[in-house]
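**Q** Need a 3D model of the sequence below.
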Amino acid sequence: MHARKTSDAASVSSAAPAQSRPQRDVQVAELFTQLAESAEGSLERDELRAAIAREHIGLARHLASRYANRGEPVEDLQQAALLGLVKAINGFDADLGYDFIAYAMPMMAGEIKRHFRDKTWAVRVPRRLQERRGELNQATRRLTQVLGRSPTTTELAEELQMTRDDLAELIEASTAYSALSLDSPTGDDGHERINLGDTIGGPDHLLELVDYRESLPPLLEGLPDRERRIVILRFFGNKTQSEIAADVGISQMHVSRLLSNALATMREGMLVEE
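**A** Residues are numbered from 1 along each chain as shown. Predicted coordinates:
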């Protein structure tokens, strides 16, 4: 009976392209609920994943089109984006409260960038920016080892002896050059040379969301100042909503509302056809 429900949902998914976005979001949420309840390795689970993927194929293709005219066939970029979409579907946990598109966007963008890296694509980075990025990486690593957790923006700013606004600018600038070679030097650690690849830790879904802003720099700049600051604190500073509320001086409910508005605005911008 449940399998028939899955098939029906999959049919609606492919047969109703004109449905509104709120309707689609409700349907996708229901599909993820069914996915969480399905048996691992079952046909039902595969059908649910396929149904969710069909709902977001257009988004994957649209994201891939933003990287066109850079020397790689659009079809290859679309395949990379779809691979990221599949990984996002497999790794998404609806119970954490994240919007699926906000979760999937950085994973799709990451697969596209990985495709470029595999094809030896790179960008030119000013030496000054490379050095500052190195300082940020080293400070993050040091504080993580000392504190036993990811440092906050306040702790990073104090370590680097800069204001939080300057730190936010440095983080924003450094993310624009994520195609740096893993062999790029970041300085030394007293006795040995440290390369960028040595500073990279394990998977962190919160850090993966940083790519979401990298994909949408014009839209981020278009946000009101307070909403932009909240996004930076949440996804760069790894702060909770209650910590952001204390930092900004507003209620946690207000932070939640502003954060939702900001992500919705950025999401709408990404979905608008160029």
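
**Q** When you work out contacts or count neighbours from here on, use the C-alpha atoms and nothing else.
**A** OK.

**Q** Just say helix, strand or coil for R149.
**A** coil (DSSP: H, G, I helix; E, B strand; the rest coil).

**Q** Which residue, other than its chain neighbours, is closest to it?
**A** Spatially, and ignoring its direct neighbours in sequence, R149 is nearest to L143 (7.9 Å; CA to CA, 6 or more residues apart in numbering).

**Q** Can you get me a residue count around that neighbour?
**A** Applying other CA atoms under 10 Å, we find 17 residues neighbouring L143.

**Q** Is it in contact with T153, as I believe?
**A** No. Using CA atoms under 8 Å as the test, L143 is too far from T153 to be in contact (11.2 Å).

**Q** Enumerate every residue touching E227.
**A** Contacts for E227 (CA atoms under 8 Å, 6 or more residues apart in numbering) come out as L258, L259, A262.

**Q** mind listing what the residue nearest to R149 touches?
**A** L143 is in contact with R149, S150, P151, L156, counting by CA under 8 Å, 6+ apart.

**Q** Could I get the pLDDT score of the residue lying closest to the second one once chain neighbours are set aside?
**A** Spelled out, that is S150. Nearest residue to S150, sequence neighbours excluded (CA to CA, 6+ apart): T144, at 5.1 Å. For T144, the model assigns a pLDDT of 83.

**Q** what about T144, is that helix, strand or coil?
**A** What three-state DSSP gives for T144 is helix.

**Q** my guess is it contacts E155, does it?
**A** No. Contact criterion CA under 8 Å: T144 and E155 do not qualify, at 10.5 Å.

**Q** In the chain, what residue spans correspond to helices?
**A** Assigned helices in the chain, in chain order: 2-15, 21-37, 43-65, 74-91, 100-118, 127-147, 153-160, 164-175, 205-208, 210-215, 217-221, 225-235, 241-248, 252-271 (criterion: DSSP state H).

**Q** Which of the ones you listed has the lowest mean pLDDT?
**A** helix 2-15 (a mean of 41).

**Q** For burial, what's the neighbour tally of R257?
**A** 12.
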